[in-house]
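Participant: What follows is a predicted protein model with its sequence.
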Amino acid sequence: MIEETTPPLPEPFPCTECGSGHMHMRFITYFTWLNEELLTVPNFPAWICDVCGRREYDQKAISWLTMLLNPNAGRPTVRKRVSPRARPRPESSRPSPDQT
Ligand SMILES: [Zn+2]
């Protein structure tokens with residue numbers, strides 16, 4: 001049984017909005033639209049100010065989510081064709097056509 005050890009939460013940092021509060025990392029449910037469907041992502045890391053309530057999503061988590069939702073967004077996934085020359089087939093193994 002694999003049990004993930006929860007890493008310690010990152011240090012809170014001063015809020016850029018109100019200046020007096022601090023942004024704490026919280027795990028919230030993130031809502032996003034994918035085409036016509038509303039997706040909910042539970043336990044999504046976000047920074048939330050304890051004074052003004054400003055919410056900022058973790059950039060790494062956002063990019064991870066974007067990658068999940070748009071698999072083709074990053075680089076085009078073009079499968080390389082294996083060139084026929086890469087696998088030389090000896091002529092002798094080929095069954096000779098019976099032509100008379
Ligand atoms: Zn604030």
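Facilitator: Sure thing, it's come through.
Participant: low-confidence ranges in the chain?
Facilitator: Low-confidence segments of the chain, defined by pLDDT under 70: 6-7, 71-80, 82-96, 99-100.
Participant: same thing but 90
Facilitator: Scanning the chain for pLDDT under 90 picks out 1-10, 32-37, 39, 58-62, 64-100.
Participant: what does it put close to the ion?
Facilitator: Cys15, Glu17, Cys18, Gly21, Cys49, Val51, Cys52, Arg54 (Cβ under 5 Å from the ion). No exception for glycine: its C-beta is placed from N, CA and C like everyone else's.
Participant: Looking at those, which one is closest to Leu38?
Facilitator: Arg54 (23.3 Å; Cβ to Cβ).
Participant: for the chain, what spans make up the strands?
Facilitator: 13-14, 22-34, 37-49, 55-57 (DSSP state E).
Participant: Check the gap between the residue nearest in space to the middle of the chain and Pro45 for me.
Facilitator: Closest to where the C-alpha atoms of the chain average out (Cα atoms, centre = their mean) is Trp64, at 2.9 Å. As for Trp64, its distance to Pro45 is 10 Å (criterion: Cβ to Cβ, to the nearest Å).
Participant: again with His22
Facilitator: When His22 is compared with Pro45 (using Cβ to Cβ), they lie 16 Å apart.
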